[in-house]
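requesting a structural model of the entry that follows:
(2 chains)
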Amino acid sequence: MTNFDEQRFIQLTRDGDYDAFNRLVAEYQNAVFAVVLRTVRNRAAAEDITQDTFISAFRKISSYRGGIFRAWLFRIAKNASLDYLRKKSRRPETSIDEDIVYFSETVKDDSADPLADVLNAELARLIEQCLGGLSDDHRLAMVMVDVEGYQYDEAADSIGVSIGTVKSRLNRARARMRDCVQRQPELLPASMRL
Amino acid sequence: MVRRLINRLSGRAGPSTDAINAYVGGNASDDEVKLVEKMMRDDPALEKDLATQRALLEVLGRFGAVEAPRSFAITPEMVAAAEASESRISRLAELFAPQRKLALAPMVLAGFAALTVALLTIGDITGVVEQSGRSESFSTAMIAESAPTGAAGAHDIIVVTVVVEKATGADADGVSEPQTLRLAATAVPAAAAVQAAKAVPAPTGAAAGAAAEIAPEAIMEALESSTAGGDAVTETPPSLSAQAPVPEEADIAPDLSAGDEAAEPDPSDSVDSAEPPEIDDLESASRAGVGGETGAGATDGAGAGALAGAADGAGAGVAQGAGAGAGDGISLPLWQLQVALAALAVAAIGAWAGLRRVRRD
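Model prediction:
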């Protein structure tokens, strides 16, 4: 979608045009859902949060003051995700196993080796567990930059912190992930073992 | 090292962190690569660390993009339902959500109010601030009335009256009423005054001829005890005997000194007819106030010469000293402020807790 189109749809949305806004939803729903899913690590909750994010975005479209629209959406999604995680931390009755979204579901693997598939799945599970062990802020930074591939400036804009803070959080998150995955070296590819 | 510590504490990345991030991410500049390679030469374990991190990113990159399981398009019904479910309090609570900029506002307000209460309390204890309406000031006027009893200016009885005017806080109409308290009056025998005057060495040199300093102990004691505190002004100093109210007009006993020829009191020398001279300080007042000399005393001590002013009939010396009362600090409606600020702190904490509960629900 060209910037021109995006700005036009945003302006129409300000006028209350649902169809124009739903064009924006179609463009960004995958990205928003992916970030929310990786952050809250619960599929059902991720769907609810994503829906709430777009409803909030429509209602608060007047507060959008320019800049990267996707980053503005991410900011709404981030706040909703962190709210969910805080509420969840106060009510830990849900089983952790049910919450984990296995990265293995989305692993791209071109090899036909079933063993490799198993190892990849185990590795994905390990990575998922280690990601879950990070703090919310560190995990969000890592998901946005290392998993989803966004640039530092957009990640900073989305999270609502400075670029330096994003880099610092990322640095710590990577170090902790490294320490975490090293606990099960047998699952790691040779290049990752110390 | 200091910059690194500051960066660490403030969460900012330093140059080495930037370089490492870029190196691990595979998008480091030449300078950053050189910096990281230098760091790896200094710390061999770092090389393996960074290699592991690069491999980890590669694995993370292998995970495919996540696709939305369904369409998240919105409808007017969804928006209406969301608005209906959001109560006014929920919207208010949302403003103070942890990730919002106003999140800390209630606690900051409560902290500020509590700190102000503490400072006001400390100020009250130390006297820097005081409750308004409590300050008092009073002035003391020492009126010494004496009347010469004879041509020789013999003053046998000196009546000293210490007049204290205490200005209290304003009444309901906002008018401050001075209260005049006559502490006491005493008769200081002339002989005693002369004796005290004799004890003072005669001034020499430039001071010769000037009035000697006489500090009538009784008078000074009375003044010290009256200026020591607010309550003291109402006490009758022990050095002054309580007597019947001092008559407004000087009613001095006739000359009782032995050996002097009695002389008819000269009405023109009465206190009433003499305009009390303005005297700046208490010591000057004591000089003028203790008037009295006998013929013999006048020659014995220069101090007696100080009494000349009184002997001439200008016997009434009025000294006014402004005494400081209990109020020296900044006047504030202290307890009212403390109560209001304490209530504000409690209200802010209560509001924060309440909004937090609303968000939780």
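
what residues does the helix or strand where A:S81 lies touch?
A:S81 is part of helix A:69-90 when elements are defined by DSSP states H and E. Outside helix A:69-90, the residues that touch it by Cβ atoms under 8 Å, 6 or more residues apart in numbering or on different chains are A:6, A:10, A:24, A:28, A:31-32, A:35-36, A:39-40, A:45, A:49-50, A:52-54, A:56-57, A:60, A:64, A:94, A:136, A:140, A:144, A:154, A:157-160, B:97-99, B:359-360. For the C-beta atoms, the positions are set from N, CA and C on the backbone; glycine is no exception.

quick one: mean pLDDT over that helix.
Averaged over helix A:69-90, pLDDT sits at 90.

return the set of buried residues in it.
For helix A:69-90, burial by neighbour count (16 or more other Cβ atoms under 10 Å in any protein chain shown) applies to A:69-85, A:88.

stretch B:47-58 too?
B:D49, B:L50, B:A51, B:T52, B:Q53, B:R54, B:A55, B:L56, B:L57.

wait, the fourth one touches A:R178, no?
Yes: taking Cβ atoms under 8 Å as the definition, B:T52 is a contact partner of A:R178 at 5.0 Å.

now the closest residue in space to A:K60 that isn't next to it in sequence: how far from chain B?
Spatial nearest neighbour of A:K60, chain neighbours left out: A:I76 (7.5 Å); criterion: Cβ to Cβ, 6 or more residues apart in numbering or on different chains. According to Cβ to the nearest Cβ, to the nearest Å, A:I76 and chain B sit 11 Å apart.

just A:L187 next, same as before
Counting by Cβ to the nearest Cβ - A:L187 and chain B are separated by 11 Å.

if I pick that residue, what's in contact with it?
A:L119, A:E122, A:L123, A:L126, A:V181.

narrow those residues to those in strands?
For those, membership in strands holds for none, with DSSP state E as the criterion.

could these go into TSV alongside distance to B:I20, pLDDT and neighbour count?
Shown next, in TSV, are the contacts of A:L187 (distance: Cβ to Cβ, whole Å; pLDDT from 0 to 100; neighbours: other Cβ atoms under 10 Å in any protein chain shown):
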residue	distance to B:I20	pLDDT	neighbour count
A:L119	29	65	16
A:E122	28	78	14
A:L123	24	79	21
A:L126	23	85	18
A:V181	18	85	22
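
check which helix or strand covers the most centrally placed residue in chain A.
Of all residues in chain A, the one closest to the mean position by Cα atoms, centre = their mean is A:V35, 1.9 Å from it. For A:V35, the host element (DSSP H and E) is helix A:18-40.

now do that helix, average pLDDT.
On average, helix A:18-40 scores 93.

how about that helix: buried residues?
So helix A:18-40, judged by 16+ other Cβ under 10 Å, has buried residues A:18, A:20-25, A:27-29, A:31-40.

re earlier: ok, the residue nearest to the centre of chain A to chain B distance?
9 Å.

quick check: angle from the helix holding A:S81 to helix A:18-40?
Between helix A:69-90 and helix A:18-40, the angle comes out at 50 degrees (axes from the mean of the first three to the mean of the last three Cα atoms, to 10 degrees).

centre of the chain to helix A:69-90, how far?
10 Å (Cα atoms, centre = their mean, to the nearest Å).

same check, this time on stretch A:8-16
Chain-centre distance of stretch A:8-16: 27 Å, with Cα atoms, centre = their mean.

run through who's touching it.
Contacts of stretch A:8-16 (Cβ under 8 Å, 6+ apart): A:A20, A:F21, A:R23, A:L24, A:F58, A:I61, A:S62, A:Y64, A:F69.

give me the number of residues near residue 60?
As the question left the chain open, I've gone with chain A. By the criterion of other Cβ atoms under 10 Å in any protein chain shown, A:K60 has 11 neighbours.

I was thinking of chain B, sorry if that wasn't clear
Neighbourhood size, B:L60 [other Cβ under 10 Å]: 21.

my guess is it meets A:D146, correct?
Yes: under the criterion of Cβ under 8 Å, B:L60 makes contact with A:D146 at 5.1 Å.

lowest average confidence, helix or strand, in chain A?
Sorting the helices and strands of chain A by mean pLDDT, DSSP states H and E puts helix A:96-99 at the bottom, at a mean of 50.

which SSE is the closest residue in space to A:R169 that isn't next to it in sequence in?
Of all residues not flanking A:R169 in the chain, A:A141 sits nearest, at 4.1 Å (Cβ to Cβ, 6+ apart). Per DSSP H and E, A:A141 falls inside helix A:136-142.

avg pLDDT for the following helix or strand past that helix?
For helix A:136-142, the following helix or strand on the C-terminal side (DSSP H and E) is helix A:152-159. The pLDDT scores in helix A:152-159 average 91.

and B:F63, how many neighbours?
20.

what of A:R174?
By other Cβ under 10 Å, neighbour count at A:R174 equals 27.

gap between it and chain B?
For A:R174, the distance to chain B - Cβ to the nearest Cβ - is 5 Å.

the nearest residue to that residue once chain neighbours are set aside sits in which helix or strand?
In space, and not counting its chain neighbours, A:R174 is closest to B:Q53: 4.9 Å by Cβ to Cβ, 6+ apart. Using DSSP H and E, B:Q53 sits within helix B:44-62.

just the CA trace of that helix, in PDB.
Extracted C-alpha coordinates of helix B:44-62, given in PDB (Å, rounded to 0.1, in the frame of the first residue of the first chain):
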ATOM      1  CA  PRO B  44      38.400 -14.500  24.100                       C
ATOM      2  CA  ALA B  45      35.200 -15.700  25.700                       C
ATOM      3  CA  LEU B  46      33.400 -12.800  24.000                       C
ATOM      4  CA  GLU B  47      34.100 -14.300  20.600                       C
ATOM      5  CA  LYS B  48      32.200 -17.500  21.400                       C
ATOM      6  CA  ASP B  49      29.400 -15.600  23.100                       C
ATOM      7  CA  LEU B  50      28.800 -13.500  20.000                       C
ATOM      8  CA  ALA B  51      29.000 -16.500  17.700                       C
ATOM      9  CA  THR B  52      26.300 -18.200  19.800                       C
ATOM     10  CA  GLN B  53      24.200 -15.100  19.600                       C
ATOM     11  CA  ARG B  54      24.500 -14.900  15.800                       C
ATOM     12  CA  ALA B  55      23.500 -18.500  15.500                       C
ATOM     13  CA  LEU B  56      20.500 -17.900  17.700                       C
ATOM     14  CA  LEU B  57      19.400 -15.000  15.500                       C
ATOM     15  CA  GLU B  58      19.700 -17.300  12.500                       C
ATOM     16  CA  VAL B  59      17.400 -19.800  14.200                       C
ATOM     17  CA  LEU B  60      14.900 -17.200  15.100                       C
ATOM     18  CA  GLY B  61      15.000 -15.900  11.600                       C
ATOM     19  CA  ARG B  62      14.000 -19.400  10.300                       C
END
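
show me what that helix is packed against.
helix A:114-132, helix A:163-181, helix B:15-25, helix B:30-42 (3 or more Cβ pairs under 8 Å, 6 or more residues apart in numbering or on different chains; DSSP states H and E).

how about TSV for those helices, with distance to B:L355 added?
Shown next, in TSV, are the helices and strands packed on helix B:44-62 (distance: least, Cβ to Cβ, whole Å):
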stretch	distance to B:L355
helix A:114-132	29
helix A:163-181	27
helix B:15-25	37
helix B:30-42	46
